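**Student:** build me a structure from this.
(chains A and B)
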Amino acid sequence: MFSRDNWKEIFETIQKNKLRTFLSGFTVALGIFIFVVLFGFGNGLINTFDDFFGDDATNVFFIYPGKTTIPYKGYKSDRFIEFENEDLEDIEKNFALFVDYITPRIQRGGLVRYKNESNNYTTRAVAPSHQFCEKTIMMKGRYLNQEDIKNKAKYAVIGRLVEKDLFKGENAIGKYIDITGSVFKVIGVFQDDGGDNEERNIYIPYTTRQLMEKGTDKIGQFIIGFKQEIGYAGAMAFENSLKKYIKDKKFINPKDQSGIYIRNVADQLKKNQQFAGILQIIVGFVAIGTIIAGIIGISNIMVFVVKERTKELGIRKALGATPKSVIGTILLESVFITTVSGFIGMLLGVVLLSSLGEKLKDFFITNPFINLSVAIGATIALIIFGAIAGYIPAKRAARIKPIVALRDE
Amino acid sequence: MIEIKNLHKSYKMGSNSLHVLKGINFSVAEGELVAIMGSSGSGKSTLLNILGMLDVLDEGSYNLDGVPIVDLNETKAAQYRNKFLGFIFQSFNLINYKSAMENVALPLYYQKVARKEREEKSIKYLEQVGLKEWAGHLPSELSGGQKQRVAIARAMAAEPKVLLADEPTGALDSKTSYEVMDLIQKINDAGNTILIVTHEPDIADMCKRIVHLKDGVIVEDKKVDQVRASQYV
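**Tutor:** Numbering: from 1, shown residues only, chains lettered A, B, ... in the order given. Below is the predicted model:
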């Protein structure tokens, strides 16, 4: 079945029946092409989704102070909870097993001025580890460090857009800016994938802020980065015991839901991942549908091809073609065409996907791609099913008596 | 060469069956040129199809060159057809996307003859039918007579024991018919056994023996003086 002569015969048949070759080849190529592109777009959609939600670190708790609603241990309700520096030290000590880093965040708005330019920006007074939880990327200069905290340095790290707005193209590093009346030296400029608003923030040492606010040791909110290896279950357990610990320490009724708030990104992450999983399933359905449509297409064409060739096959049988060679001729031809055109369609799809990159970002498709093994697997599936679909009419054709095939006229 | 004894064949047409051949006894010796005549419905084509192993008999026996043709599966029938028989059809039945030479070479392909030898042989047979110059042409570029000559070359290429022709001149005008018959006579002169199904008396007269079929039985089987087709060409 695989002799050189057979292949020559098949190539000749393919060459001399261009329309038929084109039809079946085109169907397969188009099917695979659409499959690859759709699947790639699906992945691009998931990429966009990840971009939206993947800007911050995921192993992070945000802890906000609230107002009590239930009296507890002699304290009245409607009491505002406040955190102090020592709270952070205690948490770090008590939960050393879980805590990777901990950073306060004291957030204030206010007018920021450089020369004649001024604008209102949010200033976040933080510890150096804050860089990890926001995934702040330094463009130039440096982030805050432990020395700055200790020295209560009047240093500021400004966002890319702050530099752009205030400095008008000038290099901000080493320049002095006025933040609500105090002068800070710019030591770094950062960018952030979280969007424009994130890049309009200014970071200063939290100790400096506390000094400016009359030497207080109050901190607004704080952020805990927990160790990645404790996993999702560990994070949930940590959240519970942390909540309990803080409520106990701050004399909040255990049943009081509004004393403190913990935003657990891990929990959100899980929801996001579930959503992404649903996207993946939808994409999978569309892809499988495309492949099935392709298989049906190639099956139809195979039926048509066999029908069209009935007479020719009858002649061949009269001249001594065995049923096996009739089936072989049809199958090898169709497998050859589907293989070649399938891989052409696949390559075109992959090339299109990789050339798109970020061009469709406006349509929520970022860097569409397809796993090469998925693409090849789908192509092979189409070839196999095409062969099976071709085998049935081919077998019927092989059984037709030549006299029947030759009749008509 | 051909031995047929008590051959019966009927076709099922819904609930009733049509008895087409009702006990045919018939033999052909090597080198004969036999015309099978009969009006339409007489069973002449059915007989030819059974002789050509394109159809199976219901009852009786069929020996071809000493080989009993019985209980053939498709593969075996295909091999016997290829080895023993050459077909010439009324409608030529050339493969339209293959050139004259490729058409002639096709039975050799199924005999697993090497490509080069196939080409040499098919050119040789095309030369015999006077179409060597047309070897590279497609059937659509040939006239009816030329097509039938290509078909004859194809039937000859496999060097079969018997040539079976079903109304070989049915689609041709009389001048071309005589040309084709001239060719067939020459092939017969070379010693080949040929059976021709026809309903045209002048074509039958160009054979050496005429078998008349009527309603599924042989009513007449006579040797005739052959009319040479060359005198009309």
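
**Student:** in chain B, which residue sits nearest chain A?
**Tutor:** B:Asn82 (2.4 Å; C-beta to the nearest C-beta). In short, each C-beta sits where N, CA and C put it, glycine included.

**Student:** contacts only, for that residue.
**Tutor:** By C-beta atoms under 8 Å, 6 or more residues apart in numbering or on different chains, B:Asn82 lies in contact with A:Leu319, A:Gly320, B:Pro107, B:Tyr110, B:Gln111, B:Ala158.

**Student:** one more time with 6 Å
**Tutor:** B:Asn82 is in contact with A:Gly320, B:Tyr110, counting by C-beta atoms under 6 Å, 6 or more residues apart in numbering or on different chains.

**Student:** that one falls within a strand, correct?
**Tutor:** No - counting by DSSP: H, G, I helix; E, B strand; the rest coil, B:Asn82 is not part of a strand but helix.

**Student:** gap between it and B:Tyr110?
**Tutor:** B:Asn82 is 5 Å from B:Tyr110, where distance means C-beta to C-beta, to the nearest Å.

**Student:** so for those two, which residues contact both of them?
**Tutor:** Residues touching both B:Asn82 and B:Tyr110 (C-beta under 6 Å, 6+ apart): A:Gly320.

**Student:** residues from chain A in reach of chain B?
**Tutor:** Contact residues, chain A versus chain B (C-beta under 6 Å from any C-beta of the partner chain): A:Lys16, A:Glu312, A:Ile315, A:Ala318, A:Leu319, A:Gly320, A:Ala321, A:Thr322, A:Pro323, A:Pro402, A:Ile403, A:Glu409.

**Student:** which non-adjacent residue is nearest the second one?
**Tutor:** Beyond its immediate neighbours in the sequence, the residue positioned closest to A:Glu312 (C-beta to C-beta, 6 or more residues apart in numbering or on different chains) is B:Ile95, lying 5.4 Å away.

**Student:** from the residues of chain A next to chain B, list the buried ones, please.
**Tutor:** A:Lys16, A:Glu312, A:Ile315, A:Ala318, A:Leu319, A:Gly320, A:Ala321, A:Thr322, A:Pro323, A:Pro402, A:Ile403 (16 or more other C-beta atoms under 10 Å in any protein chain shown).

**Student:** check pLDDT for the residues you listed and point me to the minimum.
**Tutor:** Least confident entry in these, by pLDDT: A:Ile403, with 70.

**Student:** quick one: neighbours of the closest residue to A:Gln228 other than its chain neighbours, just the number.
**Tutor:** With sequence-adjacent residues excluded and distances taken as C-beta to C-beta, 6+ apart, A:Gln228 is closest to A:Asn59, at 5.1 Å. A:Asn59: 20 surrounding residues under other C-beta atoms under 10 Å in any protein chain shown.

**Student:** you'd agree A:Asn59 is up against A:Phe226?
**Tutor:** Yes - counting by C-beta atoms under 6 Å, A:Asn59 does reach A:Phe226; the two are 5.3 Å apart.

**Student:** for the chain, which helix extends over the most residues?
**Tutor:** Using chain A. For chain A, the longest helix by residue count, based on DSSP state H, is helix A:265-318.

**Student:** nope, chain B
**Tutor:** Assigned via DSSP H, chain B shows its longest helix as helix B:174-189.

**Student:** quick check: next helix or strand after it?
**Tutor:** Per DSSP states H and E, the first helix or strand lying C-terminal to helix B:174-189 is strand B:193-197.

**Student:** between the buried ones among the residues of chain A next to chain B, which sits nearest B:Cys207?
**Tutor:** Taking C-beta to C-beta as the measure, B:Cys207 lies nearest A:Ala318 of these, at 22.4 Å.

**Student:** tell me the contacts of the closest one?
**Tutor:** Residues counted as contacts of A:Ala318 (C-beta under 6 Å, 6+ apart) are A:Pro402, B:Phe87.

**Student:** switch to 7 Å and redo it
**Tutor:** Applying C-beta atoms under 7 Å, 6 or more residues apart in numbering or on different chains, we find A:Ala318 in contact with A:Pro402, A:Leu406, B:Leu54, B:Arg81, B:Phe87.

**Student:** distance of it from B:Val150?
**Tutor:** As for A:Ala318, its distance to B:Val150 is 15 Å (criterion: C-beta to C-beta).
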